[in-house]
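> any chance you could fold what I've pasted below:
(one chain, ligands or ions: 1)
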Amino acid sequence: MSARILDGAATAKALRAELAREVIAYEAKHGAVPGLAVVLVGEDPASQVYVRNKSRAAEEVGMKSWTHRLPADTTQALLLDTVERLNRDPSVHGILVQLPLPKAIDPQAVIAAIDPAKDVDGFHPVNAGKLALGLMPCLVPCTPQGCMILLRQGVGGGSLAGRKAIVLGRSNIVGKPIAQLLLQADCTVTIAHSRTRDLAEECRAADIVVAAIGKPSFVKGDWIKPGAVVIDVGINRIDDAAHSGKTKLVGDVDFAGACEKASAITPVPGGVGPMTIACLLKNTLQAAQLRG
Ligand code: GUN
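Next up, the predicted model:
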């Protein structure tokens, strides 16, 4: 069997086109466009790329975007002041503080300071709590939302109810929220992690595998149940054996091996990654619409 490839780049493009139309409708109704403020502390190269891409994507769908760049030695108090200012600014509908933050700053304190109604990452305890309780609408973390859209394509729009899903990884950003979304879709959910016994055997029982552990090509083809849908959240940069001195991106799943067993799979790059930013824009529009 050779798995169907779930094209995240094309799906994200279609979603962004739909959002651009909704932004026009929002502006016609409210006389202003949704606004996204992104805060970057320090000079982490990967974060700089992500932040640039987020702001550019917001502008491409017709939203307003601001990037607040603060030096690496910014104090927690100054960052909290910045968040407070954005909370009070009525032209800002969404606030995103790029993670990771410098070691001297407590990320949980910063996340908790964001107005939950502007928390387009969905990381605030109010939004995480609402998601866990199934109190919708709430702002749902972007990568998990993107995973669910691709997963629904993977099952051809069929019901997810009763399917066995395994989530590899228990981070607050991906693993835990995606487990909640799978549970809301009536899957039977296992959350596996570094201390799980016999991960391979747990995987082999699953109709749906979501890998979010940050280990290159960790999930092997023979861990995949024939016909399973595989969602690979990993973005790992490794040396490219075929081109010395160069690097390449791979996921958490051995793609070639898993393709032999799965019915559908997301590639890396071009799978979940592009969906994350599209869902961030979706959340920004939702935050604006909920404010009314
Ligand atoms: N760093 C890596 N992923 C994310 C994300 O989804 N949101 C934020 N704010 N920071 C990140």
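> count of residues packed around the closest residue to the ligand within the stretch 1-150 of the chain?
Residue of the stretch 1-150 of the chain nearest the ligand, by CB to the nearest ligand atom: Leu99 (3.6 Å). Every C-beta, even on glycine, is put in place using the N, C-alpha and C of the backbone. Counted by other CB atoms under 10 Å, the residues lying close to Leu99 total 15.
> which residue packs closest to it, ignoring adjacent ones?
In space, and not counting its chain neighbours, Leu99 is closest to Pro107: 6.0 Å by CB to CB, 6 or more residues apart in numbering.
> residue contacts, that neighbour?
Residues near Pro107 by CB atoms under 8 Å, 6 or more residues apart in numbering: Leu99, Pro100, Leu101.
> now Ala211: phi and psi?
Dihedral pair for Ala211: phi -100, psi 120, per degrees, to the nearest 10.
> quickly list what it is bridged to.
Ala211 forms beta bridges with Leu168, Asp232, as assigned by DSSP bridges.
> look up how far Leu183 lies from it.
The gap separating Ala211 from Leu183 is 18 Å, by CB to CB, to the nearest Å.
> and for Ile166?
Between Ile166 and Leu183 the computed distance is 13 Å (CB to CB).
> between these two, tell me which one has more neighbours.
Counting neighbours by other CB under 10 Å for Ile166 and for Leu183 shows that Ile166 has the greater number, 28 against 15.
> helix, strand, or coil at the residue of the chain most remote from its centre?
Computed with CA atoms, centre = their mean, the residue of the chain farthest from its C-alpha average is Ser244, at 31.4 Å. When states are read from DSSP: H, G, I helix; E, B strand; the rest coil, the local structure at Ser244 comes out as coil.
> which ones are touching it?
Applying CB under 8 Å, 6+ apart, one finds that Ser244 lies in contact with no residue.
> list of residues touching the helix or strand hosting Arg85?
In this structure, Arg85 sits in helix 76-88 according to DSSP states H and E. The list of residues contacting helix 76-88 from outside it, by CB under 8 Å, 6+ apart, reads 37, 39, 41, 68, 70, 92, 95, 97, 101, 104-106, 109-110, 113-115, 118.
> any part of that helix near the ligand?
No - shown here: helix 76-88 not in contact with the ligand (CB under 6 Å from any ligand atom), separated by at least 12.3 Å.
> give the next helix or strand downstream of that helix.
Beyond helix 76-88 in the direction of the C-terminus, DSSP H and E gives the next helix or strand as strand 94-97.
> now that following strand - C-alpha only, PDB.
What follows is strand 94-97 as a C-alpha-only set of coordinates in PDB (Å, rounded to 0.1, in the frame of the first residue of the first chain):
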ATOM      1  CA  GLY A  94      -5.000  38.800  18.900                       C
ATOM      2  CA  ILE A  95      -1.800  38.700  20.900                       C
ATOM      3  CA  LEU A  96       0.900  36.100  20.400                       C
ATOM      4  CA  VAL A  97       4.100  36.000  22.500                       C
END
